[in-house]
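1. The sequence and its predicted three-dimensional model are supplied below.
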Amino acid sequence: MTVSAPSARSHAITARTARLSSPDGPRGAAHHGPHSRSNQGLVDLRQGGRGLGGSYAWDGPHLVTGWHSHDMHQIEYAISGVIEVETAAAHYLLPPQQAAWIPAGLEHSATMNSSVRSVAVLFDPSLIRSPGDRARIIAVPLLIREMVIYAQRWPINDAQPDPVADGFFRTLGHLLIEALDQETPLDLPTPTDPLLAAAATYTRQHLEAVTVEQVSRAVGVSERTLRRQFRAELGLSWRDYLTRARLLRAMALLAEPGPSVLEVSNAVGFDSPSSFARTFTRHCGESPSDYRRRVTART
């Protein structure tokens, strides 16, 4: 069912690049955290189109969208590579077996590394009942994956009323409604407390060799207080937060050409390659080597 749609893809990429390179959405803009973000406002993805759904494709250089929202619901999917999506609540990584559901009006920012090929499918709000008010990460079975790829046939900025297209996006919307009931996130929750946010930032910046003692000293609280605050606000221990941060960083590194699995293991602070492989497989469902082969394969 996978089809090649070069003309539609080229058109979508051109439109998306123009939008994100504008003053309201500069390509390669600095990535702001949720406590210092610069909201770039509502991005009009339809650009005059009137269809019930459509797609945006991306196959370009490194891109940081900046903080923005849409007037349509969105599913963001990486055909290859890994997409990073951030909301005020959490930071998500999207390998090719997962996609992000972003309801209309939700502020978010996305980072596409140079290896990413992605498709965003947009839905008129009338197509999705109970979309929720937060981002959700869902597993992408083969049928949804092929439909997302096929959606490139209808670039969103060209979308016009069409019974075939409207029926297609209505059907895909029904499948996504079912998928939303089964979230599969590997996310990094974002603290709202300033002290805890500083501790989380310090942890992420020193993944290769960090201890709770170093973090507590850096933010000026006792280890006991730091551990208690992580549990109270984020619902997980500092150690669990560190493990998630290491795995998310490892997933991003493995999706890029260059570093070996051993180098990635060392870069994110695991004691040994075997410990890295065990932890990665337990949380991600496959070995680091298998993950790399899959996410770097180009469809």
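-> Done, it's in.
2. which stretches of the stretch 1-150 of the chain aren't confidently modelled?
-> 1-40 (pLDDT under 70).
3. quick one, strands of it?
-> 39-43, 53-58, 63-64, 67-70, 73-80, 83-86, 90-94, 98-102, 109-112, 117-123, 136-139 (DSSP state E, counting those that start in this stretch).
4. name the helices or strands packed onto the shortest one?
-> The elements that strand 63-64 packs onto, with contact taken as 3 or more CB pairs under 8 Å, 6 or more residues apart in numbering; DSSP states H and E, are strand 109-112. Yep, even glycine has a C-beta here, placed from its N, CA and C like the rest.
5. Partner strands of the strand it packs on, with direction?
-> strand 63-64 (antiparallel), strand 83-86 (antiparallel) (DSSP bridges).
6. that older thread, would you list the strands of the stretch 1-150 of the chain in CSV and tack on mean neighbour count and distance to Ser275?
-> Output for those, formatted as CSV (neighbours: other CB atoms under 10 Å; distance: least, CB to CB, whole Å):
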stretch, mean neighbour count, distance to Ser275
strand 39-43, 16, 41
strand 53-58, 25, 35
strand 63-64, 22, 32
strand 67-70, 21, 36
strand 73-80, 23, 27
strand 83-86, 23, 25
strand 90-94, 22, 20
strand 98-102, 24, 24
strand 109-112, 22, 28
strand 117-123, 24, 32
strand 136-139, 19, 26
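7. With respect to Ala218, which of those lies nearest?
-> strand 90-94 (20.1 Å; CB to CB).
8. In which helix or strand does Tyr202 reside?
-> helix 194-205 (DSSP states H and E).
9. Tell me how far that helix lies from the chain's centre.
-> Put simply, helix 194-205 sits 21 Å off its chain's centre (CA atoms, centre = their mean, to the nearest Å).
10. tell me what it is packed against?
-> For helix 194-205, the packing partners by 3+ CB pairs under 8 Å, 6+ apart come out as helix 212-219, helix 223-234, helix 238-254.
11. ok, now which ones touch Ser216?
-> The contact partners of Ser216, by CB atoms under 8 Å, 6 or more residues apart in numbering, come to Ala199, Ser222, Glu223, Thr225, Leu226.
12. So for the fourth one, what's the nearest residue that isn't a sequence neighbour?
-> To tie it back to what came earlier, the one meant is Thr225. In space, and not counting its chain neighbours, Thr225 is closest to Ser216: 7.4 Å by CB to CB, 6 or more residues apart in numbering.
13. same thing with the third one?
-> On the basis of CB to CB, 6+ apart, the spatially nearest residue to Glu223 that is not a chain neighbour turns out to be Ser216, at 4.6 Å.
14. measure that neighbour to Pro191 for me?
-> Ser216 sits 15 Å away from Pro191, going by CB to CB, to the nearest Å.
15. try Ala120
-> 28 Å.
16. count of residues packed around the residue lying closest to Arg134 once chain neighbours are set aside?
-> Spatial nearest neighbour of Arg134, chain neighbours left out: Ala89 (6.3 Å); criterion: CB to CB, 6+ apart. For Ala89, the count of nearby residues is 15 (other CB atoms under 10 Å).
17. give me every residue that touches Ala89.
-> When contacts are taken as CB under 8 Å, 6+ apart, Ala89 is in contact with Pro34, Arg134, Ala135, Pro189, Thr190.
18. out of those, who's nearest Ile102?
-> Ala135 (5.4 Å).
19. show me what contacts the spatially closest residue to the closest one that is not a sequence neighbour?
-> With sequence-adjacent residues excluded and distances taken as CB to CB, 6+ apart, Ala135 is closest to Thr87, at 4.9 Å. Taking CB under 8 Å, 6+ apart as the criterion, Thr87 is in contact with Pro34, Leu106, Glu107, His108, Arg134, Ala135, Thr190.
20. Appreciated, that's everything.
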